[in-house]
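A.B. asks: I'd like to go over a predicted model; first the sequence, then the structure.
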Amino acid sequence: MGHHHGHSQGHGHSHGQTKNKKALFLSFLLIATFMFVEVIGGILTNSLALLSDAGHMLSDAAALGLSFFAIKLGERQATRTKSFGYRRFEIIAAALNGLTLILISLYIFNEAIQRFLDPPEVQSLGMLTIAFTGLLVNIVAAWILMRADKDENLNVRSAFLHVIGDMVGSVGAIVAALLIYFLGWGIADPIASVIVAVLVLVSGWRVMKDSIHVLMEGTPIQIEAEKVKVTLLTIPNVNQVHDLHIWSITSGMPMLSCHIAIDADGVHDTVLLQAQSILHDEFGIEHSTLQVENEETGCPNHHGSCN
């Protein structure tokens with residue numbers, strides 16, 4: 001009966017985090033600064049489309065700030081009471097971002113309904129200028145985040161989704177301003193804000209769903225448990241793989257634990273080494289806890305049977 005824990009933290013992860021931190025901080029400064037401009041502009045021009053975009057930008061700034069804080073907190077060393085450190089906070093931050101987005105979208109829907117019933121006067125030229133500037137700010141922020149590690153890191157991805165939604169919001173406000181200016185369609189303003197609200201709702205739901213999956217210890221989307229099991233069974237002298245659990249602490253940090261039953265000819269250390277290599281090279285799992293046991297002796301927690 002043997003037990004071994006394979007652990008190696010790659011240099012790539014910390015380099016990626018530095019890049020993520022920089023991208024999040026720069027985007028945060030950009031978005032937070034422009035958000036104030038948009039709030040003042042929305043009030044002065046009486047545009048709900050601008051104010052809803054500013055509301056989205058507020059959630060963006062909060063999202064980016066929270067994501068940046070989460071990565072900083074995640075760098076803190078593990079303690080005796082928190083053996084994985086504070087990495088999981090990143091996912092909690094992403095879940096809070098998602099929830100904020102959903103609440104903001106509901107608020108915009110409510111405001112838009114009032115405006116459909118009674119379309120107000122909107123200063124379209126001021127609205128157009130501010131919306132166009134907002135679009136440029138969002139393009140720059142999106143470009144910064146695209147160069148970060150957004151595919152691997154759920155937190156950066158949630159921030160990127162915020163910015164993309166914002167970008168579409170700015171486009172909506174531009175179109176509405178043009179329609180009001182040239183055709184006098186005051187109703188274009190609440191229509192644009194409803195489009196923004198739908199986008200905010202969709203991205204909020206996605207982020208929320210992904211982060212809850214991680215918090216519920218779900219199998220990482222990119223790893224198929226059955227495929228891992230089948231691949232481990234190809235190791236010579238391995239007869240069974242059971243009690244297989246795959247989850248992740250935070251984005252890009254998958255964990256695995258399982259029992260591997262070997263026949264009488266199997267050499268414990270050889271099988272262990274091969275299994276760890278497969279998990280690392282083929283599935284990108286650096287943290288694995290493997291228990292290799294002889295099939296005849298059975299395994300204690302299954303009362304002699306290793307099925």
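C.D. replies: The structure has been received and is ready for your questions.

A.B. asks: Return the distance of the strand or helix carrying Val163 from the chain's centre.
C.D. replies: Using DSSP states H and E, Val163 falls within helix 154-183. Here helix 154-183 is found 20 Å from its chain centre; the criterion is C-alpha atoms, centre = their mean, to the nearest Å.

A.B. asks: who does that helix touch, helix- and strand-wise?
C.D. replies: Counting contacts by 3 or more C-beta pairs under 8 Å, 6 or more residues apart in numbering; DSSP states H and E, helix 154-183 is packed against helix 11-45, helix 48-74, helix 89-117, helix 124-146, helix 188-215. In short, each C-beta sits where N, CA and C put it, glycine included.

A.B. asks: so how far is Ile164 from Ile144?
C.D. replies: To Ile164, Ile144 is 13 Å away according to C-beta to C-beta, to the nearest Å.

A.B. asks: er, Leu273 actually
C.D. replies: In terms of C-beta to C-beta, Leu273 sits 44 Å off from Ile164.

A.B. asks: what's the answer for Val37, then?
C.D. replies: 20 Å.

A.B. asks: now Ala142
C.D. replies: Separation of Ala142 from Ile164 (C-beta to C-beta): 6 Å.

A.B. asks: rewinding a little: between Leu273 and Ile164, tell me which one has more neighbours.
C.D. replies: The neighbour comparison of Leu273 against Ile164 (other C-beta atoms under 10 Å) goes to Ile164, with 17 against 14.

A.B. asks: Just to be sure, Glu293 is in a strand?
C.D. replies: Yes. Assigned with DSSP: H, G, I helix; E, B strand; the rest coil, Glu293 falls within a strand.

A.B. asks: Enumerate the beta-bridge partners assigned to it.
C.D. replies: Following DSSP bridges, Glu293 is listed with bridge partners Ala261.

A.B. asks: so it touches Ile260, yeah?
C.D. replies: Yes. With contact defined as C-beta atoms under 8 Å, Glu293 and Ile260 form a contacting pair (7.3 Å).

A.B. asks: Neighbour count: these two, which is higher?
C.D. replies: Remark: of Glu293 and Ile260, Ile260 carries more neighbours, 28 against 20, as counted by other C-beta under 10 Å.
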